[in-house]
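In: Structure, please.
(4 chains)
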2 protein chains.
Amino acid sequence: MDAAISVADEQGIGSLSMRMLAKTLGFGVMSLYNHVKDKDDLLDGMVNTVAAEIELPDGQATWKDGLRACMISAYRVMLSHRWLSSVWGRSPGPSKNGYHEVILRLMREAKFPEELACRGFHALTMHVTGFALQVMEMPFSNKAEFVALGNKSLNELDELEFPYLREHIHFHLEGKDQRSDFKYMLDLILDGLERDFADARKRITR
Amino acid sequence: MDAAISVADEQGIGSLSMRMLAKTLGFGVMSLYNHVKDKDDLLDGMVNTVAAEIELPDGQATWKDGLRACMISAYRVMLSHRWLSSVWGRSPGPSKNGYHEVILRLMREAKFPEELACRGFHALTMHVTGFALQVMEMPFSNKAEFVALGNKSLNELDELEFPYLREHIHFHLEGKDQRSDFKYMLDLILDGLERDFADARKRITR
DNA sequence: ACCTGAACACCGTTCAAGT
DNA sequence: ACCTGAACACCGTTCAAGT
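Out: From the prediction side, this is the model:
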């Protein structure tokens, strides 16, 4: 399990085959099937193991701080295991359930109505894994590759047809993009939930 | 190209192999390589072809309406080609560039400052493809499978350990979730951009 | 309970050969 | 310019055989 995770971390999930994993461990291929039902089963186990790395907030935190910290931690875990987001959606294991339970608990114990908690749950989890998926999916993995790709695109893009796209690429190449879009959108969601929550409370008290 | 797209649409991108595509077309496998450099090249072409299905707003639309319509159309296209979001991130072709250009143009011609347009661009595109990726990645594809999985999860989840997660699953199984989280978050982003834009204008006029 | 190699049914792609 | 089959180096998994 741990071996599979380090292979995926270092070589990418694409290079993780049963055959090479067995070789790494010094066994025949078929020995793996004594510890794992399937390759699917292996992947489920890997997800469950690294999902445990997500830091869950303690009982004291307010719903907003707690959620914020929790989502940032989940996002960090996804960035540190670059294969994780692409297999995150498979059948839930105990650590993923624990993470989901905490998100819902923070909202429900703060007296969010069930419907708003549901919406918040999906908005937040979709944001984290969707954003991570999208970042992982980008066709470069370091600054140099990024610059190379940017310049290549600039050469290919017609100045008259794509003026704003060219401007946008220049903007990035000049390093003027110094804020985190992940946190910007996270706060957008949290602030939106806060407003909806306030509205819901008013409606009840009235 | 069209054949590859219909195979992927009907059987999933996982079943799209060069060998079976060739068989579907009634040729030998290697004939494909006269029309396409690679399997990568094939996928790039497929993305470019369906990206052209995204409806771009005409010149009259306000930035907000135009962006909203454009993002909803893009999301619809991703839902109708269930393999699309997973390969969307590969090297950009002309129709994807056109889509990106329109997004940037709507904001820049409405006098968004460059930085805010950049942020908006990423917030919106990440939302669309991230959300689509996450939806596609879910381990069910119809109501029946969803209900089966929900009930299975309820059986496995301990009542004391995961009370809120169980409540959440019940909420879905009872069909109380009738709004679109996609549009909810889309409007969250658009409203956020509108506020930031108003702030930026105030700062300049002052 | 754990390990194993041979075998099966698949991949994408190279290469030399044809029209 | 277009098509082709054989071959190569890979997959995940089944099966029968070992300890």
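
In: And for the spatially closest residue to residue A:29 that is not a sequence neighbour, the neighbour number?
Out: Spatially, and ignoring its direct neighbours in sequence, residue A:29 is nearest to residue A:22 (4.4 Å; CB to CB, 6 or more residues apart in numbering or on different chains). Where C-beta positions appear, they are placed from N, C-alpha and C, glycine not excepted. Look at residue A:22: counted by other CB atoms under 10 Å in any protein chain shown, it has 17 neighbours.

In: what sits against residue A:22?
Out: Residue A:22 makes contact with A:28-32, according to CB atoms under 8 Å, 6 or more residues apart in numbering or on different chains.

In: who in chain A is up against DNA strand D?
Out: A:15-20, A:29-30, A:33, A:38-40 (CB under 7 Å from any atom of the strand).

In: Where does the prediction get shaky in chain A?
Out: A:178, A:206 (pLDDT under 70).

In: Name the residues of it found near DNA strand C, please.
Out: Going by CB under 7 Å from any atom of the strand, the residues of chain A near DNA strand C are A:27-31, A:33-35.

In: Repeat the analysis, applying 10 Å as the threshold.
Out: Within chain A, the positions near DNA strand C by CB under 10 Å from any atom of the strand are A:19, A:22, A:25-35.

In: Residue A:46: helix or strand, and which one exactly?
Out: Following DSSP states H and E, one finds residue A:46 within helix A:39-51.

In: Pick out whichever of the residues of chain A next to DNA strand D sits closest to DNA strand C.
Out: Distance to DNA strand C across these (CB to the nearest atom of the strand) is lowest for residue A:30, with 3.2 Å.

In: Now do the contacts for that closest one.
Out: residue A:22.

In: Distance from the chain centre to the helix holding residue A:46, please.
Out: Centroid separation between helix A:39-51 and its chain, computed with CA atoms, centre = their mean, to the nearest Å, is 16 Å.

In: Return the set of buried residues in the next helix or strand after that helix.
Out: Next along the chain after helix A:39-51, taking DSSP H and E as the criterion, comes helix A:63-80. Within helix A:63-80, the residues that count as buried by 16 or more other CB atoms under 10 Å in any protein chain shown are A:63-64, A:66-68, A:70-75, A:77-78.

In: ok, which pair from those is furthest apart?
Out: A:63 and A:78 (22.3 Å; CB to CB).

In: Now do the helices in chain A.
Out: A:2-11, A:18-25, A:39-51, A:63-80, A:84-87, A:94-109, A:114-136, A:143-156, A:163-173, A:181-205 (DSSP state H).

In: Map the structural domains onto the sequence of chain A.
Out: A:2-137+A:177-205, A:143-173 (automatic domain parsing).

In: circling back: what packs against the helix holding residue A:46?
Out: helix A:2-11, helix A:84-87, helix A:94-109 (3 or more CB pairs under 8 Å, 6 or more residues apart in numbering or on different chains; DSSP states H and E).

In: Please tell me I have it right and residue A:170 contacts residue A:154.
Out: Yes: applying CB atoms under 8 Å, one finds residue A:170 in contact with residue A:154, separated by 7.5 Å.

In: Excluding chain neighbours, give the residue nearest to residue A:123 in space.
Out: Residue A:123 sits nearest to residue A:189 (CB to CB, 6+ apart), 5.0 Å away.

In: quick one: the one you found and DNA strand D, what's the gap?
Out: Separation of residue A:189 from DNA strand D (CB to the nearest atom of the strand, to the nearest Å): 37 Å.

In: Mark which of the residues of chain A next to DNA strand C are buried, thanks.
Out: By neighbour count, with 16+ other CB under 10 Å, the residues of chain A next to DNA strand C hold A:22, A:32 as buried.

In: which residues sit in contact with the residue of chain A found nearest chain B?
Out: Residue of chain A nearest chain B, by CB to the nearest CB: residue A:130 (2.5 Å). Applying CB under 8 Å, 6+ apart to residue A:130 gives the contacts B:126-127, B:129-131, B:133-134.

In: and which of those residues is nearest residue A:202?
Out: Looking across those and measuring by CB to CB, the closest to residue A:202 is residue B:127, at 28.5 Å.

In: quick one: residue A:133 and residue A:84 touch, right?
Out: No: counting by CB under 8 Å, residue A:133 stays clear of residue A:84, with 9.6 Å between them.

In: ok so, going back, tell me, how many residues neighbour the residue nearest to residue A:123?
Out: Residue A:189: 23 neighbours (other CB under 10 Å).

In: now residue A:122
Out: 19.

In: Count residues in the vicinity of the nearest residue to it once chain neighbours are set aside, would you?
Out: Leaving aside its sequence neighbours, residue A:122 sits nearest to residue B:181 (CB to CB, 6+ apart; 4.8 Å). For residue B:181, the neighbour count with other CB under 10 Å is 17.
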